[in-house]
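Colleague: 3D model of this:
(chains A, B, C and D)
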Protein chains: 2
Amino acid sequence: MSDITESQKMPDFLCCVDCIGFNLRKATRAVTQLYDETLRPSGIRGTQHSLLVVLKIIGPVLVTDLAEKIVMDRTTLSRNLEVMEKQGLVNVAPGEDRRTRWVTITEPGSAVLLEAYPLWQQAQAKIRESMGEERLQVLMADLSALIDVSQAR
Amino acid sequence: MSDITESQKMPDFLCCVDCIGFNLRKATRAVTQLYDETLRPSGIRGTQHSLLVVLKIIGPVLVTDLAEKIVMDRTTLSRNLEVMEKQGLVNVAPGEDRRTRWVTITEPGSAVLLEAYPLWQQAQAKIRESMGEERLQVLMADLSALIDVSQAR
DNA sequence: TTTATATAGGAGTATATACACATAATTTTA
DNA sequence: TAAAATTATGTGTATATACTCCTATATAAA
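Modeller: Predicted coordinates for the structure are as follows:
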């Protein structure tokens, strides 16, 4: 067998099905669907729920700061906030520095969040009870580590 | 303190930042960006790369079967395939059962996949070397378990 | 103080995602 | 075999995602 033949051999790509990104996206699709479905009676999705939660805890906050906090592209966050502002869930208002926008959860937003709470608990409990507490703690730490290595430049 | 006051107390939502869905999406955004950025010279994204890999290994395959295999909504897959067909990466052709469509990776699709291989390896290695092999094995198993519990009805 | 640079955000475009509904073809049932 | 049920897929609509380019504003430098 010649070296040329050896070096030109087509890989079988079997190892590529272990792609971290692929498997993360796959799991995220399934899990997001569970949360979305469970949250449906509240009228908001998982993404919106998470955004309201963060705003409730750390808001008011600037768009760019919020984006960095939740590891979301600034423009993605802007588009998401646009929808939620139309729905009356959040308020986006210019600051003293007129380049900036302060994002705040509204009173209706807080009400929806409260209404969604038992629903969110239900989805969260389903996973928690199946996976177990310790396993989830490890998973959370690993997800955090994935963010760190992915953002390391 | 009365029972009514107690029961009406607003939760602080701090526990909600441990939402599995939220943290999964957060990590997926970061990791997907790493793969997308690394794959950029090949002209395809992580999602498309994964799709080509699966097609290379198990194709030709019907749309619905492929969707189930990769835990993706059938209509989402259709939309993604539409783009990739326009780019000449895949072929979608009707089967004998005229309701069905067989999806196949094309010759150009295979070529792109081969070109993307070292790039994908680079992104994968970066994460692998940072996280370690055993930790990743556990993570993969946990992601798989998340899919199972999320889809359990 | 004018100019250069940096920062915050928006707009255009494109892919990724999925639900509700519709259609066409096949299979099952009466 | 004709009607009913099932199956495979497509369409309309909406949110989620992010890159590139652009504008407005503020800060630093000359």
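
Colleague: Thought residue A:51 was touching residue A:80, still the case?
Modeller: Yes - under the criterion of CB atoms under 8 Å, residue A:80 makes contact with residue A:51 at 6.6 Å. C-beta coordinates here come from the backbone N, C-alpha and C atoms, glycine included.

Colleague: neighbour-wise, which of the two wins?
Modeller: Neighbour count, other CB atoms under 10 Å in any protein chain shown: between residue A:80 and residue A:51, residue A:51 has more, with 26 against 17.

Colleague: quick one: contacts for that one?
Modeller: With contacts defined as CB atoms under 8 Å, 6 or more residues apart in numbering or on different chains, residue A:51 is in contact with A:70, A:80-81, A:84, A:90.

Colleague: And DNA strand C, is the strand or helix carrying it touching that?
Modeller: Element membership for residue A:51 (DSSP states H and E) is helix A:46-58. No - judged by CB under 7 Å from any atom of the strand, helix A:46-58 and DNA strand C are separated, with a smallest distance of 10.4 Å.

Colleague: re the thing from before, can I get the contacts of residue A:51 in TSV including distance to DNA strand D and pLDDT?
Modeller: Formatted as TSV, the contacts of residue A:51 follow (distance: CB to the nearest atom of the strand, whole Å; pLDDT from 0 to 100):
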residue	distance to DNA strand D	pLDDT
A:70	8	98
A:80	4	98
A:81	9	98
A:84	7	98
A:90	11	98
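
Colleague: just the buried members of these?
Modeller: Among these, those buried by neighbour count (16 or more other CB atoms under 10 Å in any protein chain shown) are A:70, A:80-81, A:84, A:90.

Colleague: got any ranges where chain A has weak pLDDT?
Modeller: Scanning chain A with the threshold set as pLDDT under 70 gives A:1-8.

Colleague: what residues does it put near DNA strand D?
Modeller: Proximity of chain A to DNA strand D (CB under 7 Å from any atom of the strand) is limited to residues A:45, A:47-48, A:72-73, A:75-76, A:79-80, A:83-84, A:87, A:96-99.

Colleague: can you rerun that using 10 Å?
Modeller: Contact residues (CB under 10 Å from any atom of the strand) of chain A with DNA strand D: A:28, A:32, A:36, A:44-51, A:67, A:70-84, A:86-87, A:94-100, A:150.

Colleague: could you check the distance from the most centrally placed residue in chain A over to residue B:52?
Modeller: Among the residues of chain A, the one closest to the centroid is residue A:47, at 6.0 Å (CA atoms, centre = their mean). When distance is defined by CB to CB, to the nearest Å, residue A:47 is 28 Å away from residue B:52.

Colleague: Just want the angle from the top helix by length along chain A to helix A:46-58.
Modeller: In chain A, ranked by residue count with DSSP state H as the criterion, the top helix is helix A:107-131. Per axes from the mean of the first three to the mean of the last three CA atoms, to 10 degrees, the angle that helix A:107-131 makes with helix A:46-58 is 110 degrees.

Colleague: follow-up on the earlier one: next step: the contacts of residue A:51 restricted to helices.
Modeller: Reading helices off the contacts of residue A:51 with DSSP H, I get A:80-81, A:84.
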